[in-house]
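Student: Model the structure of this input:
(one chain, ligands or ions: 1)
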Amino acid sequence: MNQPLIEVQAVEKAFGETVALASADLTVHSGEFVSIIGQSGCGKSTLLDIISGLVGPDRGDIFLDGQSVLHSTGHAGYMPQQDVLLPWRTIIDNVILPLQIDGTTKKAARKIAQEQLPKFGLEGFGDRYPDALSGGMKQRASFLRTCLTKKKLLLLDEPFGKLDALTRLEMQQWLVKLAHSMSLTILFVTHDIDEALLLSDRIYVMSPRPGRIVKELHVEGERPRSMETLSSPQLQEQKQTLLKMLFDQERS
Ligand SMILES: Nc1ncnc2c1ncn2[C@@H]1O[C@H](COP(=O)(O)OP(=O)(O)OP(=O)(O)O)[C@@H](O)[C@H]1O
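Tutor: Numbering: from 1, shown residues only. Now for the predicted structure:
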């Protein structure tokens, strides 16, 4: 395979006595959807923070298109776990923030964002405030804002973690189609094995803290996948492999 878009090499991080990451290596190629799964507290968010440049590692390096981006920010669009919509701005004015930061005028930015609202299931909601939206809609707005950063790599940290089960299923199916149609390059953190199998080309499994990548799994079949493919014998077998890895780690 050609040069990865992003390459994480032997990244380590401790917070005082707490070793969050022991040594993490991973790659994401352009157009790939790659997930990281692992138990709570194993260092998944820390890894995304380091890749985005928000947190510096103690050791290791991060390469984008073969160039080190260690200690720099702005090379990835990052959607953190918590809803970060500003309550005093309308949805349209929330999602245009990255465009405004890049110097686009408010009028031009609003026009660009307005055109994207239907694709993100937000048509007619641009002038509402975040409080008036459902949890799923807020996450779609946050995701639109992340996409409008126009970064080659998008980092999504458990974007559906706080949604109810049905909304979560809807959002997964929506993201399957959107990621495929827009050829997005996504590094996605989740606890949910089915979600990872549905969405991903590859899945990295992390060990409990201190986090290390302990397995890389190529998901069977091409994307975009339907929910039905999750019950195929191939994906069921891969699910069992992942479950066993995660539960065996918990017991050891
Ligand atoms: N800024 C910080 N200061 C001190 N400790 C931290 C800091 N950030 C993370 N940690 C610790 O590092 C470890 C890894 O945390 P991290 O949030 O990366 O895990 P996670 O896998 O994303 O967890 P979860 O799935 O619950 O979100 C945890 O023990 C956490 O308490």
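
Student: C-alpha from now on. contacts and neighbour counts both.
Tutor: Noted.

Student: Quick check, central residue of this protein?
Tutor: For the chain, residue 156 is the residue whose C-alpha lies nearest the centre (Cα atoms, centre = their mean; 2.0 Å).

Student: Please tell me I have it right and that residue contacts residue 78.
Tutor: Yes - Residue 156 is within contact range of residue 78, at 6.1 Å (criterion: Cα atoms under 8 Å).

Student: Quick check: closest non-adjacent residue to the closest residue to the ligand within the stretch 51-200 of the chain.
Tutor: When scored by Cα to the nearest ligand atom, the stretch 51-200 of the chain has residue 191 as its residue closest to the ligand, at 6.9 Å. Closest residue to residue 191 apart from its sequence neighbours, by Cα to Cα, 6 or more residues apart in numbering: residue 37 at 5.5 Å.

Student: Now do the same contact list for the one you found.
Tutor: If you count contacts by Cα atoms under 8 Å, 6 or more residues apart in numbering, residue 37 has them with 44, 189-193, 196, 203-206.

Student: Just the buried ones from those residues?
Tutor: The neighbour count (16 or more other Cα atoms under 10 Å) marks 44, 189-191, 193, 196, 203-206 as buried among these.

Student: Can you pull the phi/psi pair for the residue in the chain sticking out farthest from the centre?
Tutor: In terms of distance from the mean C-alpha position of the chain, residue 107 ranks first, at 29.2 Å (Cα atoms, centre = their mean). Note on residue 107: backbone dihedrals following degrees, to the nearest 10 are phi -60, psi -50.

Student: now swap in residue 102 and tell me
Tutor: Per-residue torsions, residue 102: phi -80, psi 0 (degrees, to the nearest 10).

Student: Show the subsequent helix or strand relative to whichever helix or strand residue 187 is part of.
Tutor: Element membership for residue 187, per DSSP states H and E: strand 186-190. Going down the chain from strand 186-190, the next helix or strand is helix 193-199, by DSSP H and E.

Student: ok, the very next helix or strand once past that next one near the ligand or not?
Tutor: Once the chain leaves helix 193-199, the next helix or strand it forms, by DSSP H and E, is strand 202-206. No - if you take Cα under 6 Å from any ligand atom as the test, strand 202-206 misses the ligand, and the best it gets is 8.6 Å.

Student: what sits up against the helix or strand following strand 202-206?
Tutor: Going down the chain from strand 202-206, the next helix or strand is strand 211-218, by DSSP H and E. Applying Cα under 8 Å, 6+ apart, the contact partners of strand 211-218 are 20-26, 42-44, 201-207.

Student: residues touching residue 191, list them.
Tutor: Residue 191 touches 37-40, 158, counting by Cα under 8 Å, 6+ apart.

Student: With secondary structure and distance to residue 97 added, can I get these in a markdown table?
Tutor: Below are the contacts of residue 191 laid out as a markdown table (DSSP: H, G, I helix; E, B strand; the rest coil; distance: Cα to Cα, whole Å):
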| residue | secondary structure | distance to residue 97 |
| --- | --- | --- |
| 37 | strand | 30 |
| 38 | coil | 32 |
| 39 | coil | 33 |
| 40 | coil | 31 |
| 158 | coil | 22 |
